[in-house]
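# The following block contains a protein sequence and its predicted model.
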Amino acid sequence: MAELKTKPTDGNVTKFIETVTEGERRSDCVTLLDLMRDVTGEEPKMWGSSIVGFGSYHYKYDSGREGDWMATGFSPRKNDLTLYITTGLDRYPGLMKKLGKYKAGKSCVYIKKLRDVDMKVLRELVQKSFNDRTKGSARS
């Protein structure tokens, strides 16, 4: 069974964010860093070379595959800010309707700029997802 490539590292989160060259994107990363630190009560950790994660949980699938993953996090990708909502977005349809302008995957929210979304709703989404994930009510 293949081993998960993205793992926590000793990378410096501040130095990573400083490598984001576009000004508004870097500012959005600082805002997300502060929001997620405040909401989770966790210190950020680099996961791989390009994801900032907060907290962690252990998962085990029926197939036997298991591992550890961040409870929530973000990454400044080339085209979007990617937010990891590890409980899955389908658990929060009311919040997703009110969030603003975004694209979505199963458990990722893709945002061009934070000014495109309602920050109070984003905060609530991260808080609920983190609490659901870390309190054990979310399934892998």
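Received, thanks.
# And the longest helix belonging to the chain, what does it pack against?
Taking DSSP state H as the criterion, the chain has its longest helix at helix 23-40. Packing partners of helix 23-40 (3 or more C-beta pairs under 8 Å, 6 or more residues apart in numbering; DSSP states H and E): helix 13-18, strand 51-60, strand 66-76, strand 81-85, helix 119-134. Where C-beta positions appear, they are placed from N, C-alpha and C, glycine not excepted.
# Need the winner for burial among those.
When the helices and strands packed on helix 23-40 are scored by mean count of other C-beta atoms under 10 Å, the highest mean neighbour count falls to strand 81-85 (a mean of 23).
# Now do the longest helix of the chain against strand 51-60: the angle between them, please.
Between helix 23-40 and strand 51-60, the angle comes out at 40 degrees (axes from the mean of the first three to the mean of the last three C-alpha atoms, to 10 degrees).
# Measure how far helix 23-40 is from the centre of its chain, please.
How far helix 23-40 lies from its chain's middle: 11 Å, per C-alpha atoms, centre = their mean, to the nearest Å.
# Report the contact partners of residue 72.
36, 40, 53-55, 83-86, 126, 129-130, 133 (C-beta atoms under 8 Å, 6 or more residues apart in numbering).
# What's the per-residue pLDDT of it here?
pLDDT recorded at residue 72 is 97.
# Output the helices and strands packed on helix 23-40 as JSON lines; include the columns distance to residue 109.
JSON lines is the format used below for the helices and strands packed on helix 23-40 (distance: least, C-beta to C-beta, whole Å):
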{"stretch": "helix 13-18", "distance to residue 109": "19"}
{"stretch": "strand 51-60", "distance to residue 109": "14"}
{"stretch": "strand 66-76", "distance to residue 109": "9"}
{"stretch": "strand 81-85", "distance to residue 109": "4"}
{"stretch": "helix 119-134", "distance to residue 109": "8"}
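# Between those, which one is closest to residue 32.
Between residue 32 and the helices and strands packed on helix 23-40, the shortest gap by C-beta to C-beta is with strand 66-76, which sits at 4.9 Å.
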